[in-house]
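**Student:** Build me a model from this:
(chains A and B)
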Amino acid sequence: MNTPDNLKYTKEHEWLKIEGNVAYVGITDFAQGELGDIVFVELPNLNDTFTQNDIFGTIEAVKTLADLYIPVSGSIIAINNNLESEPELINSDPYGEGWIVKIEISNIPEIDALLSDVDYSNLIG
Amino acid sequence: MSYIPITDNDVVEMLKVIKAKSIDELFDIVPEKFRLDYENFNVPEGYSEQEVFSLLNDIGNTNYAAKNKTFLGGGAYDHYVPKIVDFLASRSEFYTAYTPYQPEVSQGTLQYLYEFQTMICELSGMDISNASLYDGASAVAEACSMAIAVNSKRKILVSSTLNPNYLAVIRTYFSYNNVEINILDSKNGLSDIDKLDTAVDDETACIVAQSPNYYGLLEDWNDFTKYKEKYSDLLIVGVSDPQALSLIKSPGECDCDVYVGEGQSLGNYLSFGGPYIGLFAEKQKYARKMPGRIIGRTEDVDGKEGFVMTLQTREQHIRRERATSNICTNQGLIALRCTIYTVLMGKKGLPGIAEICFQNIQYMAQEISKLDKFSLKFKNTSFIKEFVIHTEHPVSELVSNASKNGYNISPLQGDETDSLILLALTEKYNRANIDDFISYLSQYNCS
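**Tutor:** Coordinates of the predicted model:
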């Protein structure tokens, strides 16, 4: 299972790649494997603001649907428009081309509550 | 293997557990005088099949209204149903009302539903149709529900020219949902367009407008869709009889977002009110919020064409409480009848039927307006198969009298003046029938 050590993780299987006060958000390799073929991602709008653990979208596989939880509070500054036509990018490259949104973090200390790669690896066992 | 749900030993064991002496004892709570007395239970001796048939025929024959000419409208119409519809729809390969879940054993069913959807799209001018809902009324309410799910607004604007039964179902749907239902006034039988400016605002989720409307009159959906320029989130729900759509500009062409309607008129009998079928089609961009089942065309592993249920993640069994609708089924058998009928009629036949209705009803209107005691309620004569007449004679009395003289007619629903009748006419009736009816009405002239 691929769990890069430069990312932060949530119990809900999102990852956060922090670059200063902005961060990319996606779902983990483990999560995409469990969901199977992803067919649709319901994305938020630009400038929507969320509080940590809010649902910011949904992700649809062929026969299941999962909520997307925002790892830290912030506002949406970019969405991955490629997912509209190629949702399978999340399956093929969950930590790269399959990123979902980019947020501006409004409360940096919230990051401390997130899981490290080791914590997350233990969680998914 | 025989299926025996409960044995005598089971009964004894269960009674022991609940500490009862007998099953009869469980009914002690019902007062004696209301319990069936098996000892003195007098049922006549059985009849032979022939006797039963004759008896039931005699009872049936007392229902004289069943043999009447039916000029009833308001959402259900007495169109002719070609025998081939009954014949094909009752073939055992088709005759199941249940929705197929397994594409590997249901290709025939899935294919006709796909074709049904395609035809509804063509008639309505929309991009995508579902495999049908319960009936026209619930389809209209579902459209409102979807609009609210799409734009998260809490107000619905309904034209007062909408079928009152549909409005009643909308009200039921949103009884406890904190949704405000506003009614747009009407003027001369049409939605009062001048009042739209004040009736629509930023919080309006959708406008519901019917054409031909409840009074049978054609409305222009463009009057409503132009408000989308000002309110970009607003959805316009166009309601219509699919038969009429073969003749008029479709909701899709008028830029409506959703088409809903009652599909009974496509090859289904009046059947005393049901089962009917709800039609629901819309623009592609709302596909993921659409209620009901959707059948899609795909390819199997060998690249051959096949049909499957698609976009199921919208539906309640997957989306659970986040689903926009709790309808996970459709009117399969009625959709089949609609499909057979529409294919049979074809691109010439369908508008052909509507044209005969149009000529019939226009002739009837013209003849009725010549009578002293009867007149057209509205000056506007842009109706296809039904219209409202006004009479000085009390309508309640007239309706009852007409039913004894060979005609089923009905008052306009909601009319408190006892002076309005909604008259509908299909291709089943010809000029001679109409002339007979006019001469029946003319006797009221001298009274």
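
**Student:** who in the stretch 151-300 of chain B is up against chain A?
**Tutor:** By the rule CB under 8 Å from any CB of the partner chain, the part of the stretch 151-300 of chain B lying against chain A is B:R288. All C-beta spots, glycine's among them, are computed from the backbone N, C-alpha and C.

**Student:** Show me the strands in the stretch 151-300 of chain B, by range?
**Tutor:** Per DSSP state E, counting those that start in this stretch, the stretch 151-300 of chain B carries strands over the ranges B:155-159, B:180-184, B:186-187, B:190-191, B:204-210, B:235-239, B:258-262, B:278-282, B:295-299.

**Student:** so is B:L344 in a helix, a strand, or just coil?
**Tutor:** helix (DSSP: H, G, I helix; E, B strand; the rest coil).

**Student:** ok so, going back, which one of the strands of the stretch 151-300 of chain B lies nearest to A:S75?
**Tutor:** Closest to A:S75 of the strands of the stretch 151-300 of chain B is strand B:204-210 (CB to CB; 25.9 Å).

**Student:** Give me the residues contacting that closest one.
**Tutor:** Outside strand B:204-210, the residues that touch it by CB atoms under 8 Å, 6 or more residues apart in numbering or on different chains are B:140, B:143-144, B:147-148, B:150-151, B:153-159, B:161-163, B:166, B:170, B:179, B:184, B:191, B:196, B:200, B:219, B:221, B:224, B:227, B:231, B:234-240, B:257-258.

**Student:** Narrow those to those that are buried.
**Tutor:** Neighbour-count burial (16 or more other CB atoms under 10 Å in any protein chain shown) applied to the contacts of strand B:204-210 gives B:140, B:143-144, B:147-148, B:150-151, B:153, B:155-159, B:161-163, B:166, B:170, B:179, B:184, B:191, B:196, B:200, B:219, B:221, B:224, B:227, B:231, B:234-240, B:257-258.

**Student:** could you say what helices and strands the helix or strand containing B:T339 packs with?
**Tutor:** Using DSSP states H and E, B:T339 maps to helix B:332-368. With contacts taken as 3 or more CB pairs under 8 Å, 6 or more residues apart in numbering or on different chains; DSSP states H and E, helix B:332-368 sits against helix B:83-89, helix B:107-124, helix B:242-245, strand B:374-376, strand B:386-391, strand B:420-424, helix B:431-442.

**Student:** Try it again at 6 Å.
**Tutor:** helix B:83-89, helix B:107-124 (3 or more CB pairs under 6 Å, 6 or more residues apart in numbering or on different chains; DSSP states H and E).

**Student:** quick one: contacts for B:S159?
**Tutor:** B:L184, B:S191, B:A209 (CB atoms under 6 Å, 6 or more residues apart in numbering or on different chains).

**Student:** now B:Y47: how far from A:Y9?
**Tutor:** Using CB to CB, to the nearest Å, we find B:Y47 at a distance of 77 Å from A:Y9.

**Student:** So between the two, which is more surrounded?
**Tutor:** The neighbour count for B:Y47 versus A:Y9, taken as other CB atoms under 10 Å in any protein chain shown, is higher for A:Y9 (24 against 11).

**Student:** Not counting the least confident helix or strand in chain B by mean pLDDT itself, show me its contacts.
**Tutor:** Ranking every helix and strand in chain B by mean pLDDT, DSSP states H and E puts helix B:316-319 at the bottom, with a mean of 82. With contacts defined as CB under 6 Å, 6+ apart, helix B:316-319 is touched by A:L65, B:Q312, B:A323, B:N326, B:C328.

**Student:** thinking again about what came up before, next, format the helices and strands packed on helix B:332-368 as JSON lines and append mean neighbour count and mean pLDDT.
**Tutor:** Formatted as JSON lines, the helices and strands packed on helix B:332-368 follow (neighbours: other CB atoms under 10 Å in any protein chain shown; pLDDT from 0 to 100):
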{"stretch": "helix B:83-89", "mean neighbour count": "15", "mean pLDDT": "96"}
{"stretch": "helix B:107-124", "mean neighbour count": "21", "mean pLDDT": "96"}
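
**Student:** Format these as a markdown table; extra columns: distance to A:P109.
**Tutor:** Shown next, in a markdown table, are these (distance: least, CB to CB, whole Å):
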| stretch | distance to A:P109 |
| --- | --- |
| helix B:83-89 | 67 |
| helix B:107-124 | 53 |
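
**Student:** Export these to a markdown table and append columns for distance to chain A.
**Tutor:** Output for the helices and strands packed on helix B:332-368, formatted as a markdown table (distance: least, CB to the nearest CB, whole Å):
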| stretch | distance to chain A |
| --- | --- |
| helix B:83-89 | 31 |
| helix B:107-124 | 17 |
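
**Student:** Make a markdown table out of the contacts of B:S159 and add pLDDT.
**Tutor:** Putting these into a markdown table (pLDDT from 0 to 100) gives the following:
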| residue | pLDDT |
| --- | --- |
| B:L184 | 98 |
| B:S191 | 98 |
| B:A209 | 98 |
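
**Student:** for those residues, which one is nearest B:E104?
**Tutor:** Comparing the contacts of B:S159 against B:E104 with CB to CB picks out B:A209 as the nearest, at 42.8 Å.
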